[in-house]
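Trainee: Sequence isn't available, so here's the structure alone:
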């Protein structure tokens, strides 16, 4: 599945697939979606979480199926055919079982706001990264990475080999690192990993707009020669409410002072097409979210003494 939006750089837009679970509408970035199909017969996984419905093998590829009805504590419709949304992110393929698909919505990230600080009430709020209002209707954007990671911890941040990476020097560890990621779960994991690696001055934000507001305050206080003494690097997700990581990167790289700040994009969406888009907006490096060890190695090189 391809979308023209993936070929554009720094527009701060996305194409959203709207789907339903029960009577509620939810959304997923079409960049994550590889296929939409009617539900298939699956083979249950012994002793697995009840949210994992089982596995099936379309075209010789084994795919796990997560039932969003059980994740969201919503009864599955019994009177109509339901849908599998097959997704690819974080270097894995997984299918989400939903009630139905409504269509595509092209919107700006500025139309997406952070969800209220509510969790655990079964409506998706606790695992939502954003709320979009489209044509007078509320669409919840779910944190699919957290859903998968909660069911399979090995699919989260991969710290394999991190203990072999040399810790940041005192000088490097005191440099200011900016982190922007809308998932509270992943934001905390990234900042904690940075702290464990010796970085003591990490400032984090949950959307690109707030990160930009902070970074942009330095463009009139610094010069190209000393900007890195104030901000050593920006590590950003791509999908975020208000402003996405591509737009954030483009704004930084278009500024004559801020452009000297290295920007690393750390996203679940990294593939060949997305790498090209990251380079088009000027990112210094990009990694898929499991690759935290490679990110740390690159960060240390970029800000080396």
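Mentor: Everything's here; your move. Just so it is clear, the structure is predicted and the values come from calculations on it, not from any experiment.

Trainee: Next one: residue 85 relative to residue 36, how far apart?
Mentor: From residue 85 over to residue 36 the distance is 6 Å, taken as Cβ to Cβ, to the nearest Å. For every residue, glycine as well, the C-beta is placed using N, CA and C.

Trainee: can you give me the helices in the stretch 101-250 of the chain?
Mentor: Taking DSSP state H, counting those that start in this stretch as the test, the helices found in the stretch 101-250 of the chain are 144-151, 170-173, 184-196, 208-216, 227-230, 245-254.

Trainee: which one of these is the most hemmed in?
Mentor: When neighbours are counted by mean count of other Cβ atoms under 10 Å, the highest per-stretch mean among those falls to helix 245-254, a mean of 24.

Trainee: Please work out the average pLDDT along it.
Mentor: In this model, helix 245-254 has a mean pLDDT of 96.

Trainee: sorry, back to before: of all the helices of the stretch 101-250 of the chain, which one is nearest residue 268?
Mentor: Among these, the nearest to residue 268 by Cβ to Cβ is helix 144-151 (5.4 Å).

Trainee: what stretches of the stretch 101-250 of the chain score poorly on pLDDT?
Mentor: Within the stretch 101-250 of the chain, the set of residues satisfying pLDDT under 70 comprises 117-126, 153-157.

Trainee: hmm, try it at 80
Mentor: Scanning the stretch 101-250 of the chain with the threshold set as pLDDT under 80 gives 116-126, 152-160, 185.

Trainee: Just to check, residue 296 is in contact with residue 195?
Mentor: No - using Cβ atoms under 8 Å, residue 296 and residue 195 do not qualify as a contacting pair, with a distance of 11.6 Å.

Trainee: nearest to residue 10, of the helices of the stretch 101-250 of the chain?
Mentor: Between residue 10 and these, the tightest spacing by Cβ to Cβ is seen for helix 245-254, at 3.5 Å.

Trainee: Does anything pack onto the helix or strand just after that closest one? Which helices or strands?
Mentor: Once helix 245-254 ends, the next helix or strand along the chain (criterion: DSSP states H and E) is strand 263-267. Judged by 3 or more Cβ pairs under 8 Å, 6 or more residues apart in numbering; DSSP states H and E, strand 263-267 is in contact with strand 233-236, helix 245-254, strand 285-288, helix 292-302.
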